[in-house]
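Trainee: Sequence plus predicted model, see below.
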Amino acid sequence: MKPEHAFAISAYKDSPYLEPCILSLVGQDTPGDILICTSTPNDHISALSEKYSLPLYIREGESSLRADWNFALYCAAQRGARLVTVAHQDDIYHRDYRTALLSAYEHYPDMSLFCTRYETIDENGRRRPGEAEAIKRILRLPLRLRRLGSLRFIKELPLRFGNGICCPSCTYNVELCGTEIFAGDHTFVTDWEALLRLAGMPGRFICEERELLSYRIHDGAATKENIRNHRREAEEREIFERLWPKAVAGLIMIPYKKSYKAYEHK
């Protein structure tokens, strides 16, 4: 029997957070498919694959968010899944994530994207203030209108004043979206760019406004590195200038940059 949904873990190097992520997926209330995908094969990833009897798929070539995430989507789709979550190895998925996802899909079979609220945790799993998520929650307000969630205008609104959708919380309907969702050479706004493109395609965006994900912030996280080297600011400004006149984009960036403080290590 083909799986309705699959968690495709995008594993990178020897992260100490990979096993907690796996445990959160193995412990889901509703069973389903789980696989590991990587472009950096090593003994650590292989050992966890064997320990939890999870299939391991290796992509040859240089690591990149675009290529690695598309590879994860492709591998899960090849196993028969139509709903695919590209699980981020740093994060923890709450045990009722898949149950909520499948319930939403049952009610809205034209669902192209599923996303959720999240909590923020530190490297030790302790809850931290979620200032950034509070802002994103406001941006996502239009998605509460589920009956209108197939309209391009409604799908784009959470993305026009910033990216209101948490990438690790997303599940994609590959029958509607395909497996080449991510494009371009960006290192931070890869997901934002993809979501804007999906908003213009057929399908419904559904957001479950419950905390179904624990999003981990730590010193080795890509988000923090992109803030330190100012790549995040440059790429986000580029997206805003696609959506708005340059002067307006500059004004939006002023308050938006304040959210970077949420990623400071404490």
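Mentor: Ah, there it is. Numbering: from 1, shown residues only.
Trainee: Leaving out chain neighbours, which residue sits closest to residue 11?
Mentor: residue 38 (4.4 Å; C-beta to C-beta, 6 or more residues apart in numbering). (C-beta placed from N, C-alpha, C; glycine too.)
Trainee: Next one: that neighbour from residue 193, what distance?
Mentor: 23 Å (C-beta to C-beta, to the nearest Å).
Trainee: Now do the helices in the stretch 151-266 of the chain.
Mentor: 152-160, 174-177, 190-199, 222-228, 231-243, 246-256 (DSSP state H, counting those that start in this stretch).
Trainee: ranking those by burial, who's on top?
Mentor: Comparing the helices of the stretch 151-266 of the chain by mean neighbour count (mean count of other C-beta atoms under 10 Å), helix 190-199 ranks first with a mean of 20.
Trainee: and that one, C-alpha only, in PDB?
Mentor: Provided in PDB are the C-alpha atoms of helix 190-199 (Å, rounded to 0.1, in the frame of the first residue of the first chain):
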ATOM      1  CA  THR A 190      14.900  29.700  -1.000                       C
ATOM      2  CA  ASP A 191      11.600  28.700   0.700                       C
ATOM      3  CA  TRP A 192      10.100  32.200   0.500                       C
ATOM      4  CA  GLU A 193      10.700  32.300  -3.300                       C
ATOM      5  CA  ALA A 194       9.200  28.900  -3.700                       C
ATOM      6  CA  LEU A 195       6.100  29.700  -1.700                       C
ATOM      7  CA  LEU A 196       5.500  32.800  -3.800                       C
ATOM      8  CA  ARG A 197       5.700  30.600  -6.900                       C
ATOM      9  CA  LEU A 198       3.400  28.000  -5.400                       C
ATOM     10  CA  ALA A 199       0.900  30.700  -4.500                       C
END
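Trainee: Point out the other helices and strands that that helix packs with.
Mentor: Where contact means 3 or more C-beta pairs under 8 Å, 6 or more residues apart in numbering; DSSP states H and E, helix 190-199 is packed against helix 65-78, strand 111-121, helix 152-160, helix 231-243.
Trainee: Now do it, average pLDDT.
Mentor: The average of the pLDDT scores along helix 190-199 is 96.
Trainee: I'd assumed residue 93 was in contact with residue 216.
Mentor: No - checked against C-beta atoms under 8 Å, the pair residue 216 and residue 93 is beyond contact range at 11.6 Å.
Trainee: Quick check: closest non-adjacent residue to residue 240.
Mentor: residue 249 (3.8 Å).
Trainee: Same question for residue 93.
Mentor: In space, and not counting its chain neighbours, residue 93 is closest to residue 24: 4.7 Å by C-beta to C-beta, 6+ apart.
Trainee: Distance check, that neighbour against residue 94.
Mentor: In terms of C-beta to C-beta, residue 24 sits 7 Å off from residue 94.
Trainee: got it, and residue 165?
Mentor: Distance, residue 165 to residue 94, using C-beta to C-beta: 17 Å.
Trainee: Correct me if wrong: residue 81 contacts residue 34.
Mentor: No - judged on C-beta under 8 Å, residue 81 makes no contact with residue 34 at a distance of 10.4 Å.
Trainee: So for these two, which sits in the more crowded spot?
Mentor: Shown here are residue 81 and residue 34; by other C-beta atoms under 10 Å, residue 81 has more neighbours (25 against 22).
Trainee: Partner strands of the longest strand along the chain, with direction?
Mentor: Longest strand of the chain, by residue count under DSSP state E: strand 204-216. Within its sheet, strand 204-216 is paired with strand 92-93 (antiparallel), strand 111-121 (parallel), according to DSSP bridges.
Trainee: Which of the residues in that strand are classified as buried?
Mentor: For strand 204-216, a neighbour-count test (16 or more other C-beta atoms under 10 Å) marks 204-208, 211-216 as buried.
Trainee: Export those residues as TSV, with columns for pLDDT.
Mentor: Formatted as TSV, the buried residues of strand 204-216 follow (pLDDT from 0 to 100):
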residue	pLDDT
204	98
205	98
206	98
207	97
208	97
211	96
212	98
213	98
214	97
215	94
216	93
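Trainee: Among the residues you listed, pick out the one closest to residue 150, please.
Mentor: Nearest to residue 150 among the buried residues of strand 204-216 is residue 204, at 4.3 Å by C-beta to C-beta.
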